[in-house]
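> with the input below, show me the fold.
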Amino acid sequence: MHRYKDLKVWQKAMELAKEVYEITASFPKEEKYGLTSQINRSAVSVPSNIAEGAGRNSNNEFVHFLSIASGSLCELETQLILSVTFKYFETKKLEELSERIKELQNMIFKLQESLKS
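Purely as a prediction, here's the structure:
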């Protein structure tokens, strides 16, 4: 079992989730149960799956949950791109978030590789 709170990747995923919630707070009210909810769930899924995987009994299970977290990052980025298309926030902010998403994906990949060794 790993101490997920000590993992840099979990800490950065938590920061991203917080920022995403702050962004979606300004989305139109009619999106509350649509895109806003979907984006927030994707953002929360990333640190949640990192934590769940860290709490499992084997590295193989941890790698599996890291894979889910990585998939959630792709889902999140897609939903953010749609949000910019609908003009819910600015392209510049999307570019910043996409860089952070890419960084997290790289961190997850490296952690997966280290767990497989």
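> shaky segments in the chain?
Along the chain, segments meeting pLDDT under 70 span 1.
> now with 80?
Along the chain, the parts satisfying pLDDT under 80 run over 1-2.
> mind saving the C-alpha coords of the helix or strand where Val46 lies as PDB?
Element membership of Val46 [criterion: DSSP states H and E] is helix 35-54. Extracted C-alpha coordinates of helix 35-54, given in PDB (Å, rounded to 0.1, in the frame of the first residue of the first chain):
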ATOM      1  CA  LEU A  35     -21.400  19.600 -19.000                       C
ATOM      2  CA  THR A  36     -20.600  21.200 -15.600                       C
ATOM      3  CA  SER A  37     -21.400  18.000 -13.700                       C
ATOM      4  CA  GLN A  38     -19.600  15.800 -16.200                       C
ATOM      5  CA  ILE A  39     -16.400  18.000 -16.100                       C
ATOM      6  CA  ASN A  40     -16.400  18.100 -12.300                       C
ATOM      7  CA  ARG A  41     -16.800  14.300 -12.100                       C
ATOM      8  CA  SER A  42     -13.900  13.800 -14.600                       C
ATOM      9  CA  ALA A  43     -11.700  16.100 -12.600                       C
ATOM     10  CA  VAL A  44     -12.500  14.400  -9.300                       C
ATOM     11  CA  SER A  45     -12.000  11.000 -10.800                       C
ATOM     12  CA  VAL A  46      -8.300  11.600 -11.400                       C
ATOM     13  CA  PRO A  47      -7.100  12.000  -7.800                       C
ATOM     14  CA  SER A  48      -9.700   9.600  -6.600                       C
ATOM     15  CA  ASN A  49      -8.400   6.800  -8.800                       C
ATOM     16  CA  ILE A  50      -4.800   7.600  -7.900                       C
ATOM     17  CA  ALA A  51      -5.800   7.300  -4.200                       C
ATOM     18  CA  GLU A  52      -7.900   4.100  -4.700                       C
ATOM     19  CA  GLY A  53      -5.100   2.500  -6.600                       C
ATOM     20  CA  ALA A  54      -2.500   3.400  -4.000                       C
END
